[in-house]
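Peer 1: This is a predicted model, with the sequence first.
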Amino acid sequence: MTGVLTATMFSEAGVNVCLLEAGTVGRGSTAASSALLLQEPDCGIQELARRYGTATSVSIWQASRSAVRGLIGLLRRSKIACDLEIRDAVYYASDGDAKRRLRGEFVTRTKAGFEGTWLGPRALRESTGITGHGAIRSDGNAQFDPSKACRGLVKTAVANGARVFDRSRVTRIVQRRGGVRVHTSAGHIDAARVVVATGYATPFFRPLAGKFHLFHTYVLGTAPISERQRDELGLSQVMTWDTARPYHYSRWTAGHRLLLGGGDRPVRAGQRHEYRRARDLHDLRDHFERLWPALADVRVDSAWEGLFATTPDSLPYIGPHSRYPNHLFALGYGGNGMTFSFLAARILLEQWHGVESPDHRLFRFARVR
């Protein structure tokens, strides 16, 4: 998705673009995503403020909110058929201690101008069917089908003049005077700059690997849920996620199905993959059945695993790196892959044109402290 959005926005601006994809466009982590377009980064304003200060944390949140609105606008303007729906999000406390922290976060958000509604236990139960301690409800979020969106954006990029090659793995990138030469098994491409949008540092960029932690993430897709079962669940047309870490989330899809995800686990060498995957998917289902007991009678039609990278502060790295001239990077999106993909494309295009923006320093490799 990051590569496709970058190609779309660069080509729309008249830049000569070539997109190289090792596999098939729209697969990989994009296809595995449950595509919640949340305005809220994984870290709250208070948590980011402890690291970077209040003003910077508010700026990060503003950039994230703007990215969601920008992506929604791009999909609508390009008339991409991808089941796009605007949804409220409910961020609920997983225990009593989390409620106190979440209430403080709500007050901080409100003072910073981020609107939302505090839900007590009764209101939380009425809107989500969840028996809990409290929650923040926010509007302006969205959801979509990520594969449909990615394929539609590719067509838009091509219509704008971009050239797209999938099944074209890059084997080498060589610095040249005035640019780079990007090699594949079938040939090479000379360019002024190369954008690396691989999600995390591949073996080409081993010195950067320490900045990322890889995680397995899991998703369950239910069978269509009957009206009676939906009444028993009590979950309205909202997206939910919780304060637990790793967190859990849910959303409705077309056809009255539920996507249930989360329970992320760090990638560890030496684990038996099939055993680990089966265990973690079982734990995920068990979690949601405790949350909504009525799910015990609902069949799971599909289950899958994805891979994503996160950074120490859960924010992406966007922009140049002094070690790699003529390279631009868009890496490390955490749980906000779709939102930060659009943000990365916007920032990279600004940097290409030589535009300076305060947002750039928020996501560069050398963070402001």
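Peer 2: That came in fine, so what should we check first? Numbering: from 1, shown residues only.
Peer 1: Mark out where each domain of this protein begins and ends.
Peer 2: 1-81+144-212+311-369, 85-143+213-310 (automatic domain parsing).
Peer 1: With mean neighbour count and mean pLDDT added, can I get these in JSON lines?
Peer 2: For every residue, glycine as well, the C-beta is placed using N, CA and C. Converted to JSON lines, the domains of the chain look like this (neighbours: other CB atoms under 10 Å; pLDDT from 0 to 100):
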{"stretch": "domain 1-81+144-212+311-369", "mean neighbour count": "18", "mean pLDDT": "92"}
{"stretch": "domain 85-143+213-310", "mean neighbour count": "17", "mean pLDDT": "93"}
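Peer 1: Name the nearest residue to Val58, ignoring sequence neighbours.
Peer 2: Ala112 (4.8 Å; CB to CB, 6 or more residues apart in numbering).
Peer 1: Can you tell me the SS state at the residue lying closest to Gly255 once chain neighbours are set aside?
Peer 2: Of all residues not flanking Gly255 in the chain, Pro224 sits nearest, at 5.3 Å (CB to CB, 6+ apart). Here Pro224 is coil, with the state taken from DSSP: H, G, I helix; E, B strand; the rest coil.
Peer 1: so what's Pro224 up against?
Peer 2: Gly255, His256, Arg257 (CB atoms under 8 Å, 6 or more residues apart in numbering).
Peer 1: Against Leu260, how distant is it?
Peer 2: 14 Å (CB to CB, to the nearest Å).
Peer 1: swap in Asp145?
Peer 2: From Asp145 to Leu260 the distance is 17 Å (CB to CB).
Peer 1: The stretch 101-250 of the chain: strands as residue ranges?
Peer 2: Secondary structure of the stretch 101-250 of the chain by DSSP state E, counting those that start in this stretch: the strands cover 117-119, 135-143, 163-165, 170-176, 179-184, 187-191, 194-199, 213-222, 238-242, 248-253.
Peer 1: Tell me which residues are up against the longest one.
Peer 2: The reference is to strand 213-222. With CB under 8 Å, 6+ apart, strand 213-222 has contacts from 32, 34, 200, 246, 253, 257-267, 276-277, 280-281, 284-285, 288, 295, 298-311, 335.
Peer 1: Return that strand as PDB; C-alpha atoms alone will do.
Peer 2: Extracted C-alpha coordinates of strand 213-222, given in PDB (Å, rounded to 0.1, in the frame of the first residue of the first chain):
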ATOM      1  CA  HIS A 213      10.900  -5.100  16.000                       C
ATOM      2  CA  LEU A 214       8.900  -7.600  13.900                       C
ATOM      3  CA  PHE A 215       5.600  -9.000  15.100                       C
ATOM      4  CA  HIS A 216       3.100 -11.600  14.000                       C
ATOM      5  CA  THR A 217      -0.400 -10.400  14.000                       C
ATOM      6  CA  TYR A 218      -3.600 -12.400  13.700                       C
ATOM      7  CA  VAL A 219      -7.100 -12.000  12.300                       C
ATOM      8  CA  LEU A 220     -10.300 -14.100  12.500                       C
ATOM      9  CA  GLY A 221     -13.100 -13.600  10.000                       C
ATOM     10  CA  THR A 222     -16.500 -14.900  11.000                       C
END
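Peer 1: Distance from it to the middle of the chain?
Peer 2: 12 Å (CA atoms, centre = their mean, to the nearest Å).
Peer 1: quick one: strands adjacent to it?
Peer 2: Here strand 213-222 is paired, per DSSP bridges, with strand 257-266 (antiparallel), strand 300-310 (antiparallel).
Peer 1: got the ones you listed as CSV, with distance to Val68 columns?
Peer 2: As requested, those are exported to CSV (distance: least, CB to CB, whole Å):
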stretch, distance to Val68
strand 257-266, 18
strand 300-310, 18
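Peer 1: Show the contacting residues for the nearest residue to His188 once chain neighbours are set aside.
Peer 2: Distances taken as CB to CB, 6+ apart place Arg181 nearest to His188, at 5.3 Å, with adjacent residues excluded. Contact analysis of Arg181 by CB under 8 Å, 6+ apart lists Ile173, Val174, His188, Ile189, Asp190, Ala191.
Peer 1: partners of Arg181 in the sheet?
Peer 2: Val174, Asp190.
Peer 1: I'd like the distance between it and Arg193.
Peer 2: Arg181 is 12 Å from Arg193, by CB to CB.
Peer 1: Glu21 now?
Peer 2: 18 Å.
Peer 1: Kindly provide the distance from Val180 to Arg206.
Peer 2: From Val180 to Arg206 the distance is 18 Å (CB to CB).
Peer 1: related to what we said a few turns ago, between the strands paired with strand 213-222, which one is closest to Asn141.
Peer 2: Relative to Asn141, the nearest member of those by CB to CB is strand 257-266, separated by 14.5 Å.
Peer 1: Off-centre distance for the longest helix seen in the chain?
Peer 2: Determined from DSSP state H, the single longest helix within the chain is helix 54-77. Relative to its chain's centre, helix 54-77 lies at 13 Å (CA atoms, centre = their mean).
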